[in-house]
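**Student:** got a structure for you, letters missing:
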């Protein structure tokens, strides 16, 4: 499999750099060379790491690259987004759907095997999102002339003027760039709607918000459109648009001999520090509903948190004194400061306090702690 990739690289002059193990060639010029890679991994962290590896290690001033890839069910947020406002984290945990943060900007997307991802790598000077999207729209029109597909000023692709079938994001480095977009072929749209809902009420943040849009699958409007036909169309149109003669080569990002150092980047992308602690600073101001066992009477506690780099920097918990002594609400606030804004860590920190009380106070402490933990998704 990886021999395909190495043989592809041999047809390009100096396309790899920084001492990588992929062989180079002796051709005189590759200014108009193109390479098409098809990842066989469906692991979201591996594929995002592969994007970063290509951007960092290939000479994109001499060779343009198109990467085609799919992920198993996963939610991917933009570099500057807040996962607690973008994702239904409890639903994701129940379904075993991982969260990933990519290095590009843009909004949150749900991936599964019914979604095709295309990443266009070029030099910074050749960066042209509109032309890249033209590859996608022209390919769709060629294989299904009846489809009404148009790229928008926001660099989305709409079907029939209002149904979003593709979102887009990009990253520009000093000399290189990449632009990636999704393409909904047969994604689970009910899972998409369930996963892309806020986890936490009352968040105030300067993080980049996603813009909700009605979506559609290509298969709903072109029922005979097969996956291989779609892939072949993208490969053909990419070559035609940029006057390349590239053949799609299968690769696997787990092969460290071909992609040295990629595994280390993958570990970083999986980490809590990258996925959550990279969230721009935010605050939480919300009400917690409180009740007693067997009683319909309700009261409310006010919660105000300041969160920096994913860690609770300050906590103000205002609970009615006749429901819980201020001493205890103060201890609850104190124990959260310095903890991750994370339900598992918060629950562990709060459980020790609950065990120190008994009777009705312990019961009330338990319900208040549950309410606090639920705020964190």
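**Tutor:** Now that the structure is in, tell me what you want to look at. These numbers were taken from a predicted model, which means no experiment stands behind them. Numbering: from 1, shown residues only.

**Student:** quick one: low-confidence ranges for the chain?
**Tutor:** Counting by pLDDT under 70, the low-confidence segments of the chain come to 1-32, 294-297.

**Student:** try 80
**Tutor:** For the chain, the stretches with pLDDT under 80 are 1-32, 292-297, 352-358.

**Student:** can you count the residues close to residue 189?
**Tutor:** Using other Cβ atoms under 10 Å as the criterion, residue 189 is surrounded by 17 other residues. In this view, the C-beta of every residue, glycine as well, is placed from N, C-alpha and C.

**Student:** can you tell me which residues contact the residue lying closest to it once chain neighbours are set aside?
**Tutor:** Taking Cβ to Cβ, 6 or more residues apart in numbering as the measure, residue 189 lies nearest to residue 215, with 6.2 Å between them; neighbours along the chain are not counted. Contacts here follow Cβ atoms under 8 Å, 6 or more residues apart in numbering; on that basis residue 215 touches 163-165, 184, 189, 192.

**Student:** kindly recompute the last result at 10 Å.
**Tutor:** With contacts defined as Cβ atoms under 10 Å, 6 or more residues apart in numbering, the neighbours of residue 215 are 110, 159, 163-167, 182, 184, 187, 189, 192-193, 196.

**Student:** those strands in the stretch 151-300 of the chain, which residues are they?
**Tutor:** For the stretch 151-300 of the chain, the strands identified by DSSP state E, counting those that start in this stretch occupy 157-159, 163-166, 168-172, 176-184, 203-205, 248-251, 282-291, 298-308, in order along the chain.

**Student:** buried set for the third one?
**Tutor:** By neighbour count, and taking 16 or more other Cβ atoms under 10 Å as the criterion, the buried residues in strand 168-172 are 168-171.

**Student:** and for that strand, what's in contact with it?
**Tutor:** Counting by Cβ under 10 Å, 6+ apart, the neighbours of strand 168-172 from elsewhere in the structure are 51-52, 55, 76, 78-79, 102-107, 109, 118-120, 124, 127, 129, 132-133, 136, 151-152, 154-157, 177-182.

**Student:** mind checking which of these land in helices?
**Tutor:** When those are checked against helices using DSSP state H, the ones located there are 51-52, 55, 129, 132-133, 136.

**Student:** nearest residue to the middle of this structure?
**Tutor:** With distances taken as Cα atoms, centre = their mean, the residue of the chain nearest its centroid is residue 76 (1.3 Å).

**Student:** wait, isn't that residue in contact with residue 117?
**Tutor:** Yes: using Cβ atoms under 10 Å, residue 76 is in contact with residue 117, at 9.2 Å.

**Student:** so what sits against both of those two?
**Tutor:** Overlap of the contact sets of residue 76 and residue 117 (by Cβ under 10 Å, 6+ apart) consists of 44, 47-48, 109, 111, 180, 182.

**Student:** and the residues you listed as TSV, adding neighbour count?
**Tutor:** Formatted as TSV, the shared contacts of residue 76 and residue 117 follow (neighbours: other Cβ atoms under 10 Å):
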residue	neighbour count
44	26
47	25
48	27
109	28
111	25
180	24
182	23
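
**Student:** I'd like the residues you listed as JSON lines, with distance to residue 337 appended.
**Tutor:** Formatted as JSON lines, these follow (distance: Cβ to Cβ, whole Å):
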{"residue": "44", "distance to residue 337": "33"}
{"residue": "47", "distance to residue 337": "37"}
{"residue": "48", "distance to residue 337": "33"}
{"residue": "109", "distance to residue 337": "34"}
{"residue": "111", "distance to residue 337": "36"}
{"residue": "180", "distance to residue 337": "39"}
{"residue": "182", "distance to residue 337": "39"}
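
**Student:** closest to residue 351 among the residues you listed?
**Tutor:** residue 44 (32.2 Å; Cβ to Cβ).
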